[in-house]
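Colleague: Just a sequence and a predicted model for now, questions to come.
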Amino acid sequence: MTTMYKATVNWSGFPGAPGFTTLYATTTDPLQAGADTFAAGVNALITSWANTLPAGVSVQVSSEMPLIEDTDGELVDILNLTTPPGAHAGALGGLYSGPSGWCIDWLTSTVAFGKRRQGRSYVVPASTEVYQTDGTIIPATLTAQRAAAAIYAAATAFNPVVWVRPFPGDDTTTPPKPAHAGLAVAISAARVPDMAAVLRSRRD
């Protein structure tokens, strides 16, 4: 059983807003200092994201930092950040497609419950200025975002993780899928694919 910080990045300024991105890290002692440090790391990451967003869209780390147990997702406590980070507004051209942008794959070296575990964060919507004529991402954006994601993944001031959510089991499939508890898995690296990503749900 591991207690995790849950950082929420709030998105605003687009049709269908608000949206959110959730990132996790294992707790450190003292809890308040750890929460503030983790929030600062998330804030540094999304500062780079803002450089890909259209004007009017903004991202901001929530001032609240819940603590949850990885095995069952139960809420343990809620901390308030000592100095909540400010919002980061996009400044690129205003043209964009609401459900499309780019993404980060959070890689791990852990195999759990029959799968190699990884997470994904979607940066959506992104300005059309980040795309090349073939629909891939411009090299300057790829370089900057890969560097920012790598810094986050390799952080030592906090411990970023992917949360494998608990699963109740499903006996309607063949073969049946067994139940399992949740698990916090350490992030070992990050990958930013050279391709546009489509967000099907604001829960992704």
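Modeller: Now that the structure is in, tell me what you want to look at. Quick caveat: nothing in here was measured; it's all calculated off a predicted structure.
Colleague: Mind picking out the helix or strand in this structure with the poorest mean pLDDT?
Modeller: Among the helices and strands of the chain, strand 197-198 carries the lowest confidence by mean pLDDT, DSSP states H and E, at a mean of 94.
Colleague: So which residues make contact with that one?
Modeller: With Cβ atoms under 8 Å, 6 or more residues apart in numbering as the test, strand 197-198 has contacts from 99-103, 122-124. Where C-beta positions appear, they are placed from N, C-alpha and C, glycine not excepted.
Colleague: Closest one to residue 6 out of those residues, please.
Modeller: residue 122 (17.4 Å; Cβ to Cβ).
Colleague: hang on, that closest one in a helix?
Modeller: No - applying DSSP: H, G, I helix; E, B strand; the rest coil, one finds residue 122 to be strand, outside a helix.
Colleague: Quick check: bridge partners of it?
Modeller: Beta-bridge pairing for residue 122 (DSSP bridges): residue 103.
Colleague: Just the pLDDT for it.
Modeller: What the model reports as pLDDT for residue 122 is 97.
Colleague: Next, the contact list for it, please.
Modeller: Counting by Cβ under 8 Å, 6+ apart, residue 122 has contacts 21, 101-103, 197, 199, 204.
Colleague: Selection in PyMOL covering whichever of those residues are buried, please.
Modeller: Buried residues among the contacts of residue 122 (16 or more other Cβ atoms under 10 Å), as a PyMOL selection:
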select buried, resi 21+101+102+103+197+199
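Colleague: is it possible to export the contacts of residue 122 to JSON lines including distance to residue 163?
Modeller: Shown next, in JSON lines, are those (distance: Cβ to Cβ, whole Å):
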{"residue": "21", "distance to residue 163": "13"}
{"residue": "101", "distance to residue 163": "22"}
{"residue": "102", "distance to residue 163": "22"}
{"residue": "103", "distance to residue 163": "17"}
{"residue": "197", "distance to residue 163": "20"}
{"residue": "199", "distance to residue 163": "19"}
{"residue": "204", "distance to residue 163": "14"}
